[in-house]
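S.K.: Return a 3D structure for these sequence lines:
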Amino acid sequence: MLGIAHPTRGWLVNKCCRICWNTRYWREPTGEAAKLEKGDSYCRTYGFGHEEWLFNFSWLQPGPEGTTGQYRYGFLQPIGKYREAYEGKTFDVLLYTLAPDARRMGVGIIRKLYVPPYDELKAAHAYMRSMGWLAEMRREANRLGADPAGLKASADAVINVRFRHTDVEFFEPWSVLPRDHVVYRNGHYQPFNWNGAVPSSAISEPSQTDGKKRSEDDRTRAPTDGSVYSPRHVKLQNALYDHLCSRFGKNAVHYERDFIDLQLHRGRSITLFEIKIAPTAKSCIRQAIGQLLEYDLYPDRKRNSRLIVVGDGQPTSNDFAYLEHLRGQFRIPIFYHRWNWDRGLLEGDL
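M.R.: This next block holds a predicted model:
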């Protein structure tokens, strides 16, 4: 695959682009990259990277006149270095990050990513300001003790790409890119040409600690802990609460009762909702299942509740097969429903 045509401005060879290390799925800054990176990188200098909000899909907005649907405007540093050369181009991007042990990890692909002209970025930037998103970005940077000065720069210094959230494919698990991959040529935020080959999650390398005990010092690890609680969680929780209240009435919906995100009571039927902020349905299910079982069964009770994991990741046929197996083999009434930010509703029947 060489590139994807754009209806008016032609095509470009697909790219590999580095994004900074982030264990909250690039929905908010974590400050980790500033500690891991060396030299005078932007993350090292300012304490965060603008791409750390790349996949905050609660920040969707209309595109320019002539487009339909909602878009995410975000930032990729490798694109920013050559924005004017890429302006008006559409292509696929393989995203990778540098792990703490310096391995290159493929984290996902954005299909049909578009580099808008400056006037479009300026209008999108103004929309972000009007919605309070830029102010929220500055507050989150301040909470890390980072310098948010860069967020007050021109529009193209804050956002430089747009894409549909449905055109994002996350790898689960992340793929370890082989040592002969083009992205090992240097450790800078440099765009590399990409031949379109999708890395396999089966690629493996010898463990960095094979035959040795791990250090007992604190380490930054890939996202596995389901206890991370962020403003994104609250936004989805509030949106889902309003949605359920509009459908079933406020008296039927309970918010944070018994520490459960949301409960829906209809007659003798109880539905428990556990919300997770993760890029894939598989990740959401993994993080939520223990909590839902505890809510329903601990210590020795059986509520006979319907258990629903809620996230904004698109479920796959394997995800549905797994849940069907849990329901059939172990009689666990667990389901996954996707929150659709575009339409402001929960997909699937309750």
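S.K.: from here on, contacts and neighbour counts on C-alpha atoms
M.R.: Noted.
S.K.: which one's the longest strand in the chain?
M.R.: strand 104-114 (DSSP state E).
S.K.: I'd like the distance from it to the chain centre, please.
M.R.: Centroid separation for strand 104-114 versus its chain: 12 Å, with CA atoms, centre = their mean, to the nearest Å.
S.K.: Which elements pack onto the helix or strand just after it?
M.R.: Note on strand 104-114: by DSSP states H and E, the next helix or strand toward the C-terminus is helix 118-130. In terms of contacts (3 or more CA pairs under 8 Å, 6 or more residues apart in numbering; DSSP states H and E), helix 118-130 is packed against helix 155-158.
S.K.: now the helix it packs on, how far from the centre of its chain.
M.R.: Centre to centre, stretch against its chain (CA atoms, centre = their mean), the figure for helix 155-158 is 21 Å.
S.K.: got the contact list for it?
M.R.: Defining contact as CA atoms under 8 Å, 6 or more residues apart in numbering, one finds that helix 155-158 is touched by 50, 74, 75, 80, 118, 121, 122, 125, 150, 151.
S.K.: redo that, cut-off 6 Å
M.R.: 121, 122, 125 (CA atoms under 6 Å, 6 or more residues apart in numbering).
S.K.: cool, stretch 341-350 as well?
M.R.: 337, 338, 339.
S.K.: helices or strands up against the longest strand of the chain?
M.R.: Using 3 or more CA pairs under 6 Å, 6 or more residues apart in numbering; DSSP states H and E as the contact test, the elements touching strand 104-114 are strand 90-98, strand 161-163, strand 168-176.
S.K.: pLDDT of the shortest one, averaged?
M.R.: What that stands for is strand 161-163. The average of the pLDDT scores along strand 161-163 is 98.
S.K.: One more: stretch 335-345?
M.R.: Mean predicted confidence for stretch 335-345 is 95.
S.K.: just stretch 182-195 next, same as before
M.R.: In this model, stretch 182-195 carries a mean pLDDT of 93.
S.K.: Name the residues that touch that stretch?
M.R.: Residues outside stretch 182-195 that contact it (CA under 6 Å, 6+ apart) are 14, 15, 16, 17, 18, 78.
S.K.: which ones among those are found in helices?
M.R.: Using DSSP state H, the members of the contacts of stretch 182-195 that fall in helices are residue 78.
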